[in-house]
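[1] Just a sequence and a predicted model for now, questions to come.
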Amino acid sequence: MSRDMYRKLAWTGGDPREVAEIVNNLVEGKSNNTGDFSTTQSATTTTIYNERIGYNSVILFTPMDDKAASEMAKMYVQTLNQGSAVIHHDSNAHVCTFKYIVVG
């Protein structure tokens with residue numbers, strides 16, 4: 001998945017049109033804080049890497065198939081680091097795919 005799909009403002013700001021475009025995109029839910037991952041067969045953890053993850057982040061998951069949906073109750077963030085997180089899940093004979101959003 002491509003990162004930084006939506007424009008960012010320069011640290012020095014931007015002209016009114018650039019600011020309006022970026023703010024309007026945010027109001028419409030378009031932000032650069034999403035990703036996806038798949039679990040590995042017979043593993044109990046998966047590490048996701050995203051520069052937006054920090055020690056105080058909240059990571060919310062969306063299962064992408066019925067097998068992933070059945071694993072949601074047993075899945076949790078085991079460790080948060082700067083730029084990565086370890087997700088704990090059951091060891092399965094099948095691969096589960098999730099999308100996620102990082103907040104904070």
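    Arrived safely, thanks for sending.
[2] Just list the residues touching residue 56, thanks.
    In this structure, residue 56 makes contact with 80, 104, judged by CB atoms under 8 Å, 6 or more residues apart in numbering. Yep, even glycine has a C-beta here, placed from its N, CA and C like the rest.
[3] Distance check, it against residue 82.
    Distance, residue 56 to residue 82, using CB to CB, to the nearest Å: 10 Å.
[4] Residue 95 belongs to a helix?
    No. The assignment for residue 95 by DSSP: H, G, I helix; E, B strand; the rest coil gives coil, which leaves it out of any helix.
[5] What is the burial count for it?
    Neighbour count for residue 95, taken as other CB atoms under 10 Å: 13.
[6] ok, now residue 34?
    Neighbours of residue 34 under the rule other CB under 10 Å: 17.
[7] With residue 10 instead?
    Neighbours of residue 10 under the rule other CB under 10 Å: 7.
[8] beta partners of it?
    Note on residue 10: beta-bridge partners by DSSP bridges are residue 13.
[9] Report the separation between it and residue 32.
    In this view, residue 10 and residue 32 are 15 Å apart by CB to CB.
[10] Please apply the same query to residue 53.
    Per CB to CB, residue 53 is found 13 Å from residue 32.
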